[in-house]
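Novice: Got a sequence here, can you model it:
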Amino acid sequence: MLTGCSRTVAMSDPTPDAAAAGICTTLMAALPAQVLDEDRRHVAPGVFSAAWGDPTITLRCGAPKPPSMNAGSPCFEVNSVGWFAEQAKGGYLFTTIGRAAYVEVGVPDAYSPEANALVDLADAIKASVPVRTPCL
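Specialist: Alright, predicted model coming up:
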């Protein structure tokens, strides 16, 4: 995901619908400067994506619903934000549940326990991404 030796992270932005795009714009402005004591990095294009640290912790707002997430999926809560977790290559991929836009957070194994990164993101998500019913 890194381009050369640059501190810029190249990530594809999700393509949310208009309602989610408005929510994501608000979230992007509210994100913290640090996650797990790692500084925020420049992301290209970075409209609906953010990154921190090296190895890179990533966030994409307006991501699609994970295909394996359904009403029977196990989930957990961190600081009043619900999450669906999937093991990914080299770490975990977490996706919000019960919110008006899906927020996807990738955390490498180097930050074990990976779910700790969600603590630093919870306030911004609660303030920017409204609760949705039904939750999926």
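Novice: From Thr58, how far off is the residue lying closest to Val47 once chain neighbours are set aside?
Specialist: Nearest in space to Val47, with sequence neighbours left out and distances taken as C-beta to C-beta, 6 or more residues apart in numbering, is Asp13 at 4.9 Å. Backbone N, C-alpha and C define where each C-beta goes, glycine included. Using C-beta to C-beta, to the nearest Å, we find Asp13 at a distance of 11 Å from Thr58.
Novice: again, but for Arg99
Specialist: Going from Arg99 to Thr58 by C-beta to C-beta gives 18 Å.
Novice: Endpoints of stretch 29-45, how far apart?
Specialist: Distance between the two ends of stretch 29-45: 15 Å, counting by C-alpha to C-alpha, to the nearest Å.
Novice: Pull out the buried positions in that stretch.
Specialist: 31, 35-36, 38, 40-41, 43 (16 or more other C-beta atoms under 10 Å).
Novice: Tell me if I'm right that Leu118 and Phe94 touch.
Specialist: Yes. Under the criterion of C-beta atoms under 8 Å, Leu118 makes contact with Phe94 at 6.2 Å.
Novice: Now do the shared contacts for those two.
Specialist: Counting by C-beta atoms under 8 Å, 6 or more residues apart in numbering, the common neighbours of Leu118 and Phe94 are 83, 105.
Novice: The two - which one has more neighbours?
Specialist: Ranked by neighbour count (other C-beta atoms under 10 Å), Leu118 and Phe94 place Phe94 first, with 27 against 24.
Novice: check contacts around that one.
Specialist: Residues near Phe94 by C-beta under 8 Å, 6+ apart: 83-86, 104-107, 114-115, 118.
Novice: again, but for Gly82
Specialist: Counting by C-beta under 8 Å, 6+ apart, Gly82 touches 75-76, 96-99, 135.
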